[in-house]
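Colleague: starting from these lines, generate the structure:
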Amino acid sequence: MLRIKISVCLLALLSLTQASAQTLRDPTRPGVGTQGSAQHQGGQKLVLNSLMITDHSATAIINNKMFTTGDRVQGVSITRITKQGVWLADGRQLKLYPEVTATKGQ
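Modeller: Numbers count the residues shown, from 1 in each chain. The predicted model follows:
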C-alpha cells in the first residue's frame, strides 16, 4: 500500500515539473519586436538567418534562401549587404543581431 502511495506521489510530482517546464521561455530567443526581421505588405516576415562575407562577395540568407546585392526579395531590391546587416531599396534594414534598446523596468 505504501508503495502505491509513493508511486502516485512521484507521478503527480513528475507531471507538475513537466507542466512548469513547458511554460519557460528560451532565454536566448530574441524578444518581440526585434529588428532582425521586417514585414512586407502582403508577404511573409523577412528574417535574416545568416551572412557570408568574403573579400570578393557578400551573400545573405533571408528566409532560408540565398541572396546577393541586386537580387530581389519579395519584389524589393537588395541594395547593400555588410556584416552589420542587409539594406533594402524601400528603406528597410535587416539585422542579424538586433540591438537591445530597452531594459526591463524602465
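Colleague: which other helices and strands contact the longest strand along the chain?
Modeller: Identified as the longest strand of the chain according to DSSP state E is strand 45-53. In terms of contacts (3 or more Cβ pairs under 8 Å, 6 or more residues apart in numbering; DSSP states H and E), strand 45-53 is packed against strand 37-39, strand 58-62, strand 76-82, strand 85-88, strand 93-94. Where you see a C-beta, it was placed from the backbone N, CA and C, and this is true even at glycine.
Colleague: now the third one: buried residues?
Modeller: Applying a neighbour-count criterion of 16 or more other Cβ atoms under 10 Å, one finds 76, 78, 81 buried in strand 76-82.
Colleague: next one: stretch 50-59
Modeller: Buried-residue list, stretch 50-59, by 16+ other Cβ under 10 Å: 51, 58.
Colleague: tell me the mean pLDDT for it?
Modeller: The pLDDT scores in stretch 50-59 average 92.
Colleague: list the contacts of that stretch.
Modeller: 60-61, 66-69, 81-83, 85-86, 96 (Cβ atoms under 8 Å, 6 or more residues apart in numbering).
Colleague: ends of that stretch, what's the gap?
Modeller: Criterion Cα to Cα, to the nearest Å; first-to-last residue distance in stretch 50-59 is 8 Å.
Colleague: returning to what we had before: just the buried ones from the contacts of stretch 50-59?
Modeller: By 16+ other Cβ under 10 Å, those give 60-61, 67, 69, 81, 85-86 as buried.
Colleague: run a quick neighbour tally on Lys5.
Modeller: Using other Cβ atoms under 10 Å as the criterion, Lys5 is surrounded by 9 other residues.
Colleague: can you tell me the SS state at it?
Modeller: Taking DSSP: H, G, I helix; E, B strand; the rest coil as the rule, one finds Lys5 in the helix state.
Colleague: so for it, what's the pLDDT?
Modeller: In this model, Lys5 is scored at 78, pLDDT.
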